[in-house]
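Chemist: predicted structure and sequence below. I'll ask about it afterward.
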Amino acid sequence: MKPMLLVAACALVDVDGRVLICQRPQGKQLAGLWEFPGGKLEPGETPEECLIRELDEELGIKVTEACLAPFVFASHGYDSFHLLMPLYLCRRWDGFVTAREHEALAWVRPDQLSDYPMPPADLPLVAYLRDFL
Ligand SMILES: Nc1nc2c([nH]c(=O)n2[C@H]2C[C@H](O)[C@@H](COP(=O)(O)OP(=O)(O)OP(=O)(O)O)O2)c(=O)[nH]1
């Protein structure tokens, strides 16, 4: 039986309707692929608390729980774990988005997200963003 990994992720959406994606650094699992910011829940954390922490650590921005809107989720079997990943939408934050932990950042129109290689778990999410945003 594979362990279940719970990861909270967020699509930041700017005033032009573009979405932020972040390139995973070399040396990590899924290196070079473009992902939504976020990460694993720490013990006792809610998904919203996790995102508030991760968006600060990874991008240097402040978000509030009220600005995190639950959107869709991914459920994907990787070889060594099963990923359950709620994706939130956020259109308001404080501060300037900076790559603190990622190789690169990109603001991308939803219809162009398919030009960026993403982890397999993310592919169904992209279709929802294209339809909804
Ligand atoms: N943040 C994020 N993680 C994703 C996405 N898609 C996807 O399959 N994942 C996977 C990659 C990782 O296995 C896991 C997220 O873990 P993480 O970012 O907290 O940790 P990590 O693998 O970078 O490694 P570490 O921090 O433990 O060193 O979820 C996504 O869009 N965003």
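Modeler: Alright, I've got the coordinates. Keep in mind that this is a model prediction, so the values were computed, not measured. Numbering: from 1, shown residues only.

Chemist: contacts and neighbour counts: CA atoms only from here.
Modeler: Will do.

Chemist: hey, where'd the strands end up in the protein?
Modeler: 4-12, 19-23, 34-35, 38-40, 69-77, 82-90, 104-108 (DSSP state E).

Chemist: average pLDDT across the second one?
Modeler: With pLDDT averaged residue by residue, strand 19-23 scores 98.

Chemist: quick one: is the longest helix along the chain near the ligand?
Modeler: Secondary structure of the chain per DSSP state H: the longest helix is helix 47-59. No - using C-alpha under 6 Å from any ligand atom, helix 47-59 never reaches the ligand; the gap is at least 8.6 Å.

Chemist: still on that earlier bit, now tabulate the strands of the chain in JSON lines and tack on mean neighbour count and distance to residue 58.
Modeler: Output for the strands of the chain, formatted as JSON lines (neighbours: other C-alpha atoms under 10 Å; distance: least, C-alpha to C-alpha, whole Å):
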{"stretch": "strand 4-12", "mean neighbour count": "21", "distance to residue 58": "12"}
{"stretch": "strand 19-23", "mean neighbour count": "23", "distance to residue 58": "10"}
{"stretch": "strand 34-35", "mean neighbour count": "24", "distance to residue 58": "12"}
{"stretch": "strand 38-40", "mean neighbour count": "20", "distance to residue 58": "8"}
{"stretch": "strand 69-77", "mean neighbour count": "16", "distance to residue 58": "19"}
{"stretch": "strand 82-90", "mean neighbour count": "20", "distance to residue 58": "15"}
{"stretch": "strand 104-108", "mean neighbour count": "17", "distance to residue 58": "11"}
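
Chemist: now the ones you listed in TSV, please, with extra columns for distance to residue 116.
Modeler: Putting the strands of the chain into TSV (distance: least, C-alpha to C-alpha, whole Å) gives the following:
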stretch	distance to residue 116
strand 4-12	15
strand 19-23	9
strand 34-35	6
strand 38-40	18
strand 69-77	18
strand 82-90	18
strand 104-108	9
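
Chemist: what distance do you get for the nearest residue in space to residue 38 that is not next to it in sequence to the ligand?
Modeler: If the residues on either side of it in the chain are set aside, residue 38 comes closest to residue 9, at 4.3 Å by C-alpha to C-alpha, 6 or more residues apart in numbering. Applying C-alpha to the nearest ligand atom, to the nearest Å, the value for residue 9 to the ligand is 5 Å.

Chemist: right, I'll call it a day here.
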